[in-house]
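> Return atomic coordinates for the entry below.
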Amino acid sequence: MAKKEKYGYTHLSAGELLRDERKNPDSQYGELIEKYIKDGKIVPVEITISLLKREMDQTMAANAQKNKFLIDGFPRNQDNLQGWNKTMDGKAEVSFVLFFDCNNEICIERCLERGKSSGRSDDNRESLEKRIQTYLQSTKPIIDLYEEMGKVKKIDASKSVDEVFDEVVKIFDKEG
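Residues are numbered from 1 along each chain as shown. This next block holds a predicted model:
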């Protein structure tokens, strides 16, 4: 049984939703999303939240029991957090933040390796260096904020895939 079935979560990747939207020829946001992604910048919150909310609404419309979501890669800055709080207040509650902690060089090496087959425009050293700066300036303070609220579950992501996965399973077994 796949883990997401065991725990009943629907996985939503903010980045994947943005990349899919960018590829959609009918999207009014495609070019804008591409520019932000290529520059290693954070896409405007209204776009990201509208895509997340649309997926959440569609998932729950299809099956009302599917009301637990694992949102990957969001919020990434203060603007994202404020937009989330404004749009989702009273509609969704953040149970916890799963923080995969890994040093910059390991992250870069992994993304460069992924870039050999991913076809992603941001899997290059220049974009990755920019993304790390964006992370330090914009995302880390959000993680710190959730940590102050006691909502961060930290995992050492420099370990092997299997070791990291085992840690994730322990957290979901406890928090589920």
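
> For the helix ranked longest in the chain, list every residue counted as buried.
In the chain, with assignment by DSSP state H, the single longest helix is helix 45-62. Under the neighbour-count criterion of 16 or more other CB atoms under 10 Å, helix 45-62 has 45, 47-52, 55-56, 59 buried. The C-beta positions use only the backbone N, C-alpha and C, and glycine is treated the same way.

> Turn the residues you listed into TSV, columns for distance to Thr87 and pLDDT.
Listed next are the buried residues of helix 45-62 as TSV, based on distance: CB to CB, whole Å; pLDDT from 0 to 100:
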residue	distance to Thr87	pLDDT
Val45	9	92
Ile47	12	94
Thr48	10	94
Ile49	5	94
Ser50	9	92
Leu51	12	95
Leu52	9	95
Glu55	13	95
Met56	11	96
Thr59	16	96
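
> for those residues, which one is nearest Gly90?
Met56 (14.0 Å; CB to CB).

> Would you check that that closest one makes contact with Trp84?
No. Using CB atoms under 8 Å, Met56 is not in contact with Trp84; the gap is 11.7 Å.

> Could I get the pLDDT score of the closest residue to Asn77 other than its chain neighbours?
In space, and not counting its chain neighbours, Asn77 is closest to Ser138: 3.7 Å by CB to CB, 6 or more residues apart in numbering. As predicted, Ser138 sits at a pLDDT of 93.

> looking at it, Ser138 is touching Lys41, isn't it?
No. With contact defined as CB under 8 Å, Ser138 does not count as touching Lys41 (9.3 Å).

> Run through the helices of the protein in chain order.
Counting by DSSP H, the helices of the chain are 3-7, 14-23, 30-38, 45-62, 78-88, 104-118, 125-134, 140-148, 161-175.

> Please parse this structure into its domains.
Using the TED database, the domain parsing of the chain gives 7-94, 99-175.

> Of those, flag the one that's most buried.
domain 7-94 (a mean of 15; mean count of other CB atoms under 10 Å).
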